[in-house]
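[1] No letters, just coordinates:
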């Protein structure tokens, strides 16, 4: 005798059959509603991501600092390596007296002070007294950690943070997370190779902006989660 499903074994019109049909219909509706809610949630998240990306690109495009001569002086200057315009800008700030000392963070192990001075056109006497190199940091998190140790060792309470404009939002998040009591002023440096005007028309710039935006979101969420974890007694990772 062929096997029958529970539905076919119930007599049409019986109370049991009606209940089975109602249960099956309810399950289908709940499943459909669940998938619709998931799809809607993903759509909302995607739209929020796109809107945030556009705002991020506009922010870094419009974040143009004043001339170096108009800047206020701070205890120190910290510049993060990674773009050829960053170190010359930091050296100019040091030469203009906008900081007493300069930390160059993320320097390759084979690069010494003399080579940096040649690149940045800084007087050797000023470099010898006031420029410090960090050869340890390999990423932005490491930059913040090494800068924190250097700032504490040198009694630094306020800094100019110098890096590329597209890298600045994430850097500020990491530095504030690592040094919440340090007064941080940003000096974003523009690169002629990064075309932020109509950035979506340039594949290289588009990839850079999208990558930096995602890294910024990750750093912001991680910082937010740490801020929640610490008050409830979860230890900060070493």
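    That came through, no problem. These numbers were taken from a predicted model, which means no experiment stands behind them.

[2] how far away is residue 114 from residue 160?
    Applying CB to CB, to the nearest Å, the value for residue 114 to residue 160 is 24 Å. C-beta here means a position set from N, CA and C on the backbone, and glycine is covered the same way.

[3] who's more crowded, the two?
    Comparing residue 114 with residue 160 by other CB atoms under 10 Å, the one with more neighbours is residue 160, at 26 against 10.

[4] Run through the bridge partners of the more buried one.
    Counting by DSSP bridges, residue 160 is bridged to residue 77, residue 185.

[5] For it, give me the pLDDT.
    At residue 160, the model reports a pLDDT of 97.

[6] any idea how far it is from residue 76?
    Distance from residue 160 to residue 76, by CB to CB: 8 Å.

[7] Repeat that for residue 200.
    On the measure of CB to CB, residue 200 and residue 76 end up 37 Å apart.

[8] Please identify which of these two sits among more neighbours.
    residue 76 (25 against 12).

[9] Could you pull out the strands in the chain for me?
    For the chain, the strands defined by DSSP state E cover 74-80, 99-105, 131-134, 158-164, 183-189.

[10] what's the spacing between stretch 221-229 and its chain's center?
    A distance of 14 Å separates the centroid of the chain from that of stretch 221-229, by CA atoms, centre = their mean, to the nearest Å.

[11] Just the residues contacting it, thanks.
    With contacts defined as CB atoms under 8 Å, 6 or more residues apart in numbering, stretch 221-229 is touched by 173-174, 176-177, 236.

[12] which other helices and strands contact the longest helix along the chain?
    Longest helix in the chain by number of residues (criterion: DSSP state H): helix 15-62. Contacts defined by 3 or more CB pairs under 8 Å, 6 or more residues apart in numbering; DSSP states H and E place helix 15-62 against helix 6-9, helix 168-178, helix 203-229.
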